[in-house]
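*Asks:* Got a sequence here, can you model it:
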Amino acid sequence: MKKHNFYAGPSIMSQFTIEETAKAVHNFADMGLSILEISHRSKQFQAVMDEAVALFKELLEIPEGYSVLFLGGGASLQFAMVPMNMLAKKAAYLDTGVWANKAIKEAKLFGDIDVVASSKDKNYTYIPKDFTVPGDVDYFHYTSNNTIYGTEIRKDPEVGVRMICDMSSDIFSRPVDIAKYDLIYGGAQKNLAPSGVTFVIVKDEALGHVDRVIPTMLDYRTHVKKGSMFNTPPVLPIYSALQTLKYYKSLGGIRAIERMDMDKAEVLYNAIDGSKMFVATVPNHEDRSIMNVCFVMKPEYKELEKDFIDFATERGMMGIKGHRDVGGFRASLYNALPMESVEALVAAMKEFEAKH
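*Replies:* Got it, this is the predicted structure:
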């Protein structure tokens, strides 16, 4: 039976990435050694790092004056590294979910934080609108896609100040005007690579403007200077990231990927909105994530939620159980997920609804 991978992260990767990584585990760059055991200082791995950075910049159209870093610690470490390096006095944050809230908590350790708006009052089921970002802040931080709640900001905000964004779960799913940002970061385990590596896109001249002493490993300048090689980087995930970047280029780049992602999300949301049994947890269409589609049973069918998970799992759907903060179901439609899997889920929903 074919499996359909809807896990929220770590999550589906392209077959190209999996197969090329598997080859390198057995024999990397015709060295007769595994990628698991070669030196990160070898010229063969340096070539991997160089190509990954170059493709990152090409696909996202990153302008001159920015560095692409591959670090450890996940987005969770970035919650602290960002304010440690970038917050001199005050910063503005938008609270749209658990991860945004965690970033706010860490930032408060380093300076004054203005939470300009929050959607916590409705369990983060919408994106706040019409908020004002003060002009005197060092930066405005937001989380572009909220995996737990299924909301997403798909356009670069117009706020009048420099921006920083956690794009862990929707990087490479839409064009981004990088020049508006001082820094973009994210864990790789959604749309890029296996867990274990974190990407950072940072404007070089935005660094070095805080007075505090920054530990060497937590200073972005350390990693810019050493090309992500100050210490041993996560070699295998970086190699896998390179394969994913090659795959994205073969598909036609970011705009082609965005069209495919929009098409997949439209199929699933249309099925939910047209159902007598299921209902989306995010009512406003413009706030809905195309990466993580969250939905539940309507109240009169609530007792059937576990039955549907079992029903769908028997038909090959993996990872559709919703997060405990939302309940119901969550289908993650990351870039590597084929339309075939979305159509299979929709078919299971319709079959289950017909039975009940």
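*Asks:* V98 versus S34, what's the distance?
*Replies:* 37 Å (CB to CB, to the nearest Å). Placement of C-beta: from N, CA and C, glycine included.
*Asks:* Look at these two and report which has more neighbours.
*Replies:* V98 (17 against 13; other CB atoms under 10 Å).
*Asks:* who touches that one in this structure?
*Replies:* 124, 146, 148, 325 (CB atoms under 8 Å, 6 or more residues apart in numbering).
*Asks:* Just the helices from the stretch 1-150 of the chain, written as ranges.
*Replies:* Along the stretch 1-150 of the chain, counting by DSSP state H, counting those that start in this stretch, helices occupy 15-26, 43-60, 74-86, 98-107.
*Asks:* now for the first one, which elements pack on it?
*Replies:* For helix 15-26, the elements it packs on are helix 235-251, judged by 3 or more CB pairs under 8 Å, 6 or more residues apart in numbering; DSSP states H and E.
*Asks:* which outside residues touch the helix it packs on?
*Replies:* Contacts of helix 235-251 (CB under 8 Å, 6+ apart): 13-14, 16-17, 20-21, 24-25, 28, 35-36, 38, 40, 45, 48-49, 51-52, 55-56, 58-59, 70, 172, 188, 191-197, 199, 254, 257, 260, 335-336.
*Asks:* The residue nearest the centre of the chain and D30, how far apart?
*Replies:* By CA atoms, centre = their mean, the chain has its centre lying nearest to S169, at 1.6 Å. Using CB to CB, S169 is found at 35 Å from D30.
*Asks:* got a pLDDT number for M1?
*Replies:* Here, the pLDDT recorded for M1 equals 88.
*Asks:* count of residues packed around it?
*Replies:* Using other CB under 10 Å: M1 sits among 6 other residues.
*Asks:* which residue packs closest to it, ignoring adjacent ones?
*Replies:* The shortest distance from M1 to any residue other than its chain neighbours is 5.0 Å, reached at G316 (CB to CB, 6 or more residues apart in numbering).
*Asks:* was I right about that neighbour contacting E340?
*Replies:* No. When contacts are counted by CB atoms under 8 Å, G316 is not listed as touching E340 (10.8 Å).
*Asks:* which residues are in contact with both of the two?
*Replies:* H4.
*Asks:* Looking at those two, which one has more neighbours?
*Replies:* Set G316 next to E340 and count neighbours by other CB under 10 Å: G316 wins out with 15 against 10.
*Asks:* what are the ranges of the strands in the stretch 151-300 of the chain?
*Replies:* Using DSSP state E, counting those that start in this stretch, the strands of the stretch 151-300 of the chain run over 151-152, 163-166, 181-187, 198-203, 278-280, 292-297.
*Asks:* just checking, what packs against the first one?
*Replies:* Think strand 151-152. Partner elements for strand 151-152 (3+ CB pairs under 8 Å, 6+ apart): strand 145-146.
*Asks:* Could you tell me which strands sit next to the strand it packs on in the sheet, and their orientation?
*Replies:* strand 151-152 (antiparallel) (DSSP bridges).
*Asks:* distance between the partner strand and the chain's centre?
*Replies:* On the basis of CA atoms, centre = their mean, to the nearest Å, strand 151-152 sits 11 Å off its chain's mean C-alpha point.
*Asks:* With stretch 154-172 instead?
*Replies:* 12 Å.
*Asks:* for stretch 72-81, same thing?
*Replies:* 13 Å.
*Asks:* Quick check: buried residues in that stretch?
*Replies:* 73-75, 77-81 (16 or more other CB atoms under 10 Å).
*Asks:* What is the nearest of those residues to I164?
*Replies:* Nearest to I164 out of the buried residues of stretch 72-81 is Q78 (CB to CB; 9.2 Å).
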